[in-house]
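1. take this sequence and fold it.
(2 chains)
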Amino acid sequence: MKKPTVLKYLDILSLVALLGATAMVFFYAPTERVMGAVQKVFYFHVAAGWVGMLSFFFAAIAGLLYLLKKKKIWDLVGVAAIEIGIVFILVNIVTGSIWARPIWNTWWTWDPRLTTATIMELVYIAYLMLRQGIDDPERRARFGAVYAIIGFLSVPLTFFSIRIFRTIHPVVIAGTDPTALGAFDMTPAMFQTMMVSIVVFSILFIDLIWHRIRLGKLANHVDELKFNIQD
Amino acid sequence: MQHKTSFTKAMFAVVWKDLISELRGKELISAMLVFALLVIFIFNFALELDPKTRSALTAGILWVTIIFAGNLGLSRSMAVEKDRGCLDGLLLAPVDRTAIYFGKSLANWIFVLIVALIVLPIYSILYNTNIISPALILVIVLGSEGYVAVGTLLASMSMHARTRDILLPILLFPVILPILIAAVKASAGILNGFPFEDIQTWINLLIVYDIVFTSVAFMVFDSVVEE
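-> This is a model prediction of the structure:
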């Protein structure tokens, strides 16, 4: 299986775009007046959170499609999306922590939004453990699909929690809660940088998931070959 | 389509089977109950519950007790089916398989509620405060329904894994977080004597998640047990 040419170009595109977005964050977006340079973490924080959410959403959809169609490919998509989602949500949590240290004066606070984001991470780590514990590949795929669907139900709560609970997490997009600490109004340049970051991270996501699905296919292929040798 | 008519009958047959075997063996309830009491006692020592702090902690301790004891019951109720080959028999029966799921869930729900209803008065006596109220019982009924709905489904998955008893709480606890948050907040509100309007949001959230979890489990159970 040769690496597809489109994938090669996508690799280069995502690398260049990521560098471009980084440059935009540092040189194009203005420095926020109150928070200073640390506010710049916000662009990748939001973008990573977006990709994480998107991955888990894709995993749930892939799970649904697997249960309906029973095609191996949907299982591969599901695992790929979840592995990527775990990494990006971790990036999201870590960048949030870096921002929170100077702004909230603490690395971590038991805020509902932070807590639910972390629980979400644990849901998907549990997903990987579930897969590890089951030997039969067909059953592993089935159970993974079911758990990805159930697990995704706990994700919407993360979104809504900022509106149900009183939180100190700022809602920058379409939200003006005076009790949130570290909220700010975006200038057009800031907004553009954020949107570019989100688009760039989405490209990166497509690139990564493509690689991961390809890896899964190759792994299956190797398993088949091993099986043939044994016969 | 003749399955449709026997759905409730099949469901109650499963419930009845579980209740009868529990009545004869008394394995599950006694284990859950003793465990629940131990949890309360361990909390007492670990947190040094005194009258000043406990009013804020009661809701949390109550729910941790229910969740832990319930986890014990859930993994046991499925392990019994698996070990003695009873599950294969159930699955061979010419009934809608979701009837088996609902039967098992209902039986588990009854066990959790029995434990909760024994723990409540004991807690009240031990800490010399009456925490029993219709509103709290409503929250316990709603909260344990959602818990058992997901729990039964995940238990029927985790029993196939190599590390089944260890895996169940790891799978179950993060997923039931929405239920747990809503239940604890509602219980705390009730115990602190807040007006019902303040608690309403949490009870609504509980109901929403009960419906969501029960209907999703209902939809996917077939693919969990298919062989």
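
2. give me the most central residue, chain A.
-> The centroid of chain A falls nearest to residue A:52 when counting by CA atoms, centre = their mean (1.5 Å).

3. pLDDT weak spots in chain B?
-> For chain B, applying pLDDT under 70 flags the ranges B:1-5, B:50-55, B:227.

4. how about the residues of it that lie near chain A?
-> Residues of chain B found near chain A (CB under 8 Å from any CB of the partner chain) are B:150, B:153-154, B:157-158, B:160-164, B:167, B:170-171, B:174-175, B:177-178, B:181, B:201, B:205, B:209, B:212-213, B:216-217, B:220, B:223-224, B:226. Glycine gets a C-beta too; all of them are placed from N, C-alpha and C.

5. among those residues, name the buried ones.
-> For those, a burial check counting by 16 or more other CB atoms under 10 Å in any protein chain shown picks out B:150, B:153-154, B:157-158, B:160-161, B:164, B:167, B:170-171, B:174-175, B:177-178, B:181, B:205, B:209, B:212-213, B:216-217, B:220, B:223-224.

6. nearest to chain A: which residue in chain B?
-> Closest residue of chain B to chain A, CB to the nearest CB: residue B:161 (3.3 Å).

7. my read is that that residue contacts residue A:133, right?
-> Yes - counting by CB atoms under 8 Å, residue B:161 does reach residue A:133; the two are 3.3 Å apart.

8. next SSE downstream of the least confident helix or strand in chain A by mean pLDDT?
-> Within chain A, no helix or strand scores below helix A:155-164, which has a mean of 61 by mean pLDDT, DSSP states H and E. With elements assigned by DSSP states H and E, the helix or strand that comes after helix A:155-164 is helix A:188-230.

9. and the longest helix anywhere in chain B, how far out from the chain's middle?
-> Criterion DSSP state H: the longest helix present in chain B is helix B:51-83. Relative to the centre of its chain, helix B:51-83 is centred 8 Å away, using CA atoms, centre = their mean, to the nearest Å.

10. in that helix, which residues are buried?
-> B:54, B:58-59, B:61-81.

11. tell me the pLDDT at the nearest residue to residue A:45 once chain neighbours are set aside?
-> Take residue A:45 and drop its neighbours on the chain: the residue closest to it by CB to CB, 6 or more residues apart in numbering or on different chains is residue A:95, 4.1 Å away. Residue A:95 is assigned 91 on the pLDDT scale.

12. what about residue A:95, neighbour count?
-> 19 (other CB atoms under 10 Å in any protein chain shown).

13. got it, and residue A:107?
-> Neighbours of residue A:107 using other CB under 10 Å come to 11.

14. just the one 10 residues further on next, same as before
-> Residue A:117: 22 surrounding residues under other CB under 10 Å.

15. surely it touches residue A:90?
-> No - using CB under 8 Å, residue A:117 is not in contact with residue A:90; the gap is 10.0 Å.

16. need the overlap of contacts for the two.
-> Contact criterion CB atoms under 8 Å, 6 or more residues apart in numbering or on different chains; residues shared by residue A:117 and residue A:90: none found.

17. list the contacts for the residue of chain A found nearest chain B?
-> In chain A, the residue that lies nearest chain B is residue A:133 (3.3 Å; CB to the nearest CB). Contact analysis of residue A:133 by CB under 8 Å, 6+ apart lists B:158, B:161, B:162, B:163, B:164, B:167.

18. ok, now how distant is the closest residue to residue B:33 other than its chain neighbours from residue B:214?
-> Leaving aside its chain neighbours, residue B:33 sits nearest to residue B:115 (5.7 Å; criterion: CB to CB, 6+ apart). Separation of residue B:115 from residue B:214 (CB to CB, to the nearest Å): 20 Å.

19. how about residue A:194?
-> 39 Å.

20. the two: who's more crowded?
-> Higher neighbour count among residue A:194 and residue B:214: residue A:194, with 24 against 19, using other CB under 10 Å.

21. which strand or helix spans the closest residue to the more buried one other than its chain neighbours?
-> Spatial nearest neighbour of residue A:194, chain neighbours left out: residue A:43 (5.4 Å); criterion: CB to CB, 6+ apart. Applying DSSP H and E as the criterion places residue A:43 in helix A:41-69.

22. show me what that helix packs onto, helices and strands only.
-> Packing contacts for helix A:41-69, counted by 3 or more CB pairs under 8 Å, 6 or more residues apart in numbering or on different chains; DSSP states H and E, involve helix A:5-23, helix A:72-103, helix A:112-133, helix A:137-152, helix A:155-164, helix A:188-230.

23. in it, what's buried?
-> A:41-56, A:58-67.

24. how about stretch B:120-136?
-> For stretch B:120-136, burial by neighbour count (16+ other CB under 10 Å) applies to B:120, B:123, B:127, B:131, B:136.

25. dump those residues to CSV, plus secondary structure.
-> Formatted as CSV, the buried residues of stretch B:120-136 follow (DSSP: H, G, I helix; E, B strand; the rest coil):
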residue, secondary structure
B:120, helix
B:123, helix
B:127, helix
B:131, coil
B:136, helix
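
26. would you mind listing the two of these that lie farthest apart?
-> The most widely separated members of these, counting by CB to CB, are B:127 and B:136 (14.4 Å).

27. count the residues that sit near the residue nearest to residue B:33.
-> Every residue meeting other CB under 10 Å relative to residue B:115 is counted, giving 25.

28. returning to what we had before: what about the residue of chain A closest to chain B, distance to residue A:110?
-> Following CB to CB, the distance that separates residue A:133 from residue A:110 is 31 Å.

29. let me know how buried residue B:34 is, in neighbour terms.
-> Residues lying near residue B:34 (other CB under 10 Å) number 12.

30. now it: which helix or strand?
-> Assigned by DSSP H and E, residue B:34 falls within helix B:28-47.

31. which strands or helices does that helix pack on?
-> Using 3+ CB pairs under 8 Å, 6+ apart: helix B:28-47 touches helix B:51-83, helix B:97-127.
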